[in-house]
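Peer 1: What follows is a predicted protein model with its sequence.
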Amino acid sequence: MGNLKKISAILILFTIVLAMSTSYTVHAVGVIGTITVGTGPNGVAYDSGKGEVFVTNSGAGTVSVISDRTNTVTATVPLGENPGGVAYDSGKGKIFVTNAEGNTVSVISDSSNSVVATVTLGAHDLEPGPVVYDSGKGEIFVANLGSNTISVISDSSNTLVADISLDGSPPPPHEIIYDSGKGEIFLSSLMTHTLSVISDSSNTLIATITLPSGFSPGAIAYDSNKGEVIVANDGSNTVSVISDSTNAVVANVTEGTGPSFVAYDSGKGEIFVTNPGSNSVSVISDSNDKVVATIPVGDPSEISYDSGKGEMFVTNPTSSTVSVISDVPGASASPSPTPSPSPIPTLTVGTNPEGVAYDSRLGEIFVANYGSNTVSVISDRSNAVVTTTPVGTEPVGVAYDSSKSEIFVTNDGSGTVSIISDHKNVVIANVIVGSNPIGAAYDSAKGEVFIANWGSNTVSVISDSNNTVVATVPTGTNFIGQYSPGGPANPIGVAYDSAKGEIYVVNSYPDSSFVGTVSVISDSNNIVLTSIPVGEYPYYAAYDSSKGEIFVTNNEDYFVSVISDSTNAVVANVSVPIDCWGIAYDSAKSEIFVASQEGTVSVLSDSPNALVKTVSLEGSNLGVAIAYDAAKGEMLVTNGGTNSVSILSVSSSTSSSSSPTVPEFSSPAQILEAIAVVVVTLSAVALAHKKSTRTNSDSKQTAK
């Protein structure tokens, strides 16, 4: 017996050592796919609205459109002469492509994959090249390689609105990026070893940053998490890290040969750098400014980050291909079954949390706490509450304005909307709207926020340029008393359809036939176009950009209605096992997540509109609202009864903060180690089972 105890102790100690040795962080694992495109692929940009990647083919004069779901070319768009730079305009759903030999910029609609406008630059604007989208101004900045100028294009009119002449004479700018935190444009110059900084409010040069001689700064990227500008130095095989608050170099990282282009991975906090000289991609952690991985590729040139899939797309000009790199540990090129989502941390927030929204710029989650009149701000990197902001009375709905980096919070009890700046997490304005405002949705094309006023049966339209109500839209009537026709519709949920420029408003109470409705509002004239009958007590809605459909939860009927935005008719009703409240769309998986007050989340596939799984949350959490974090591939569910937020991982691996990485065993020694771990674990479980007693304690809380 004594020997058995000794052996058990040794095995347990061995298990601990093995667990510690395998709990390392695995970074990007390598190329998971190679896609053939046109001749001479050059520029590359990710379209977050459609889940597509646009690649300019300079030799073929075309743009290839790649679906990030299938990693195949789904369309080829003919363009002008020698297309090069490419940028995605998230506010308009458009792609801007520079044509070097024609001195023009082509504008592609991502809904039709066709050229909708061609912008002719000024006579002195020669050889347009790199291009970047300024989400704060709704403008496109184009670096002209042959004239040392910057062209500024308005994305609302597709016209040239400004020309910026850089100090001095050519050599010209090499690359250009937008710093959303400062509202500034950074340009690099290979030959002068400098970076120029332009203010987008005045369109003037405000600073010049000089790097050491021989560095030859080329491509640049903006790290929104750190507020830093990352510069690839072709001449010194280094990457410089510049603070945007001081415009000073804070680190120089030695990496591969001939670093060319660079992209920031907001989900991992990592920098990916293409190295044509060594046919590789270096991965740098922004937490310690060190190279953590090197990935062999073909003949890499430009690179773009797909936040929806957690993947990097790298163009290879010589082979006319695009390499796809996964930033997820254990990713494989071979197909595998979709894993079931699994809850990870549950975070304590304020009292009775309800609405929730994701801030893609900062990687933060904003949660409205109905009972404590506050908004909790959660960092998706640490899964911790970083601050709490007081707002109005009984906050409910939350919407993120990506153009202004502001959060709009509806205050049910005070009839107002609090506007929070995500820079300082303080309220910068309070807007009076209708009675009992609940739902909120941001219209990126118009720069407006639509608010559903439950008590006054209207929708308030707020302009984010001046934070005032510019229109009030009646939503109609549905019932009076106990299911008698003729009374208020009580709008509650709101969803924005970016493809159609329409707002879908859910009217929560049914008519005499026990049928609720959805009002469709045009954002061009703020008029109700139609009313669509759905189920009983519909609450919230989500827009599926890949299918052009609206998903509406019907709480009393236990199903989700699917509305086609082309016909404004219900095309399917998907049954769920229990009541349904909040709803969110996962653009990476093309799935719909539905929260229930019974502590579950139902997962629906949008093709073929069917329930695919149900996930149980811990305890009776009373799920109310749900939001999708595209950078982390996570769903966040507010739990009204337990004053918490559950984080549901929908990717193939859960957060490293919640569970260790599972190693792959490839040697006999590793297999023997694994067997030892299993034996000890089973023995411990059996012993614990004999000594344990079972207790059951069930509790159930009800939501307001």
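Peer 2: Great, that's in hand.

Peer 1: what does the model give the residue lying closest to Ser199 once chain neighbours are set aside for pLDDT?
Peer 2: Distance criterion CB to CB, 6 or more residues apart in numbering; nearest residue to Ser199, sequence neighbours excluded, is Ile206 at 4.9 Å. For the C-beta atoms, the positions are set from N, CA and C on the backbone; glycine is no exception. Note for Ile206: predicted pLDDT of 89.

Peer 1: give me the number of residues near Ile206?
Peer 2: Using other CB atoms under 10 Å, Ile206 has 13 other residues around it.

Peer 1: Of all the residues in the host helix or strand of it, which ones are buried?
Peer 2: Using DSSP states H and E, Ile206 sits within strand 204-210. Residues of strand 204-210 classed as buried under the neighbour-count rule (16 or more other CB atoms under 10 Å) are Leu205, Thr208, Ile209.

Peer 1: which among these gets closest to Ser435?
Peer 2: Ser435 has its nearest neighbour among the buried residues of strand 204-210 in Leu205, at 50.2 Å by CB to CB.

Peer 1: that older thread, ok, the residue nearest to Ser199 touching Asp200?
Peer 2: No - using CB atoms under 8 Å, Ile206 is not in contact with Asp200, being 10.3 Å away.

Peer 1: Identify the contacts common to the two.
Peer 2: Glu184 (CB atoms under 8 Å, 6 or more residues apart in numbering).

Peer 1: related to what we said a few turns ago, need the next SSE after the strand holding Ile206, C-terminal direction.
Peer 2: That would be, after strand 204-210 and using DSSP H and E, strand 217-223.

Peer 1: neighbours around Gly599, how many?
Peer 2: Gly599: 22 neighbours (other CB under 10 Å).

Peer 1: Could you check how far it is from Val322?
Peer 2: The spacing between Gly599 and Val322, counted by CB to CB, to the nearest Å, is 43 Å.

Peer 1: swap in Gly392?
Peer 2: Distance, Gly392 to Val322, using CB to CB: 48 Å.

Peer 1: From the neighbour counts alone, determine which of these two ranks first.
Peer 2: Shown here are Gly392 and Val322; by other CB under 10 Å, Val322 has more neighbours (26 against 20).

Peer 1: Neighbouring strands - and their directions - for the host helix or strand of the more buried one?
Peer 2: For Val322, the host element (DSSP H and E) is strand 321-326. Strand 321-326 sits in its sheet next to strand 30-36 (antiparallel), strand 311-316 (antiparallel), going by DSSP bridges.

Peer 1: mind checking how far the most centrally placed residue in the chain is from Leu145?
Peer 2: By CA atoms, centre = their mean, the mean C-alpha position of the chain lies nearest to Ala630, the distance being 3.5 Å. Ala630 sits 33 Å away from Leu145, going by CB to CB.

Peer 1: where do the helices sit along the stretch 351-500 of the chain?
Peer 2: With DSSP state H, counting those that start in this stretch, there are no helices along the stretch 351-500 of the chain.

Peer 1: can you list the weak-confidence ranges in it?
Peer 2: In the predicted model of the stretch 351-500 of the chain, residues 476-488 satisfy pLDDT under 70.

Peer 1: how about the strands in it?
Peer 2: Assigned by DSSP state E, counting those that start in this stretch, the stretch 351-500 of the chain shows strands spanning 353-359, 364-369, 374-379, 384-390, 395-401, 406-411, 416-421, 426-432, 437-443, 448-453, 458-463, 468-474, 491-497.

Peer 1: Dump these to TSV, plus mean neighbour count.
Peer 2: TSV is the format used below for the strands of the stretch 351-500 of the chain (neighbours: other CB atoms under 10 Å):
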stretch	mean neighbour count
strand 353-359	26
strand 364-369	27
strand 374-379	23
strand 384-390	15
strand 395-401	26
strand 406-411	27
strand 416-421	22
strand 426-432	15
strand 437-443	27
strand 448-453	27
strand 458-463	23
strand 468-474	15
strand 491-497	26
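
Peer 1: Just name the most buried of the strands paired with strand 321-326.
Peer 2: Most buried of these, by mean neighbour count (mean count of other CB atoms under 10 Å): strand 311-316, with a mean of 26.

Peer 1: Alpha carbons of that strand, as PDB, please.
Peer 2: In PDB, the C-alpha atoms belonging to strand 311-316 read as follows (Å, rounded to 0.1, in the frame of the first residue of the first chain):
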ATOM      1  CA  GLU A 311      -7.000  34.700 -41.100                       C
ATOM      2  CA  MET A 312      -4.400  36.600 -43.100                       C
ATOM      3  CA  PHE A 313      -4.600  36.700 -46.900                       C
ATOM      4  CA  VAL A 314      -1.100  37.100 -48.600                       C
ATOM      5  CA  THR A 315      -0.700  37.800 -52.300                       C
ATOM      6  CA  ASN A 316       2.000  35.900 -54.200                       C
END
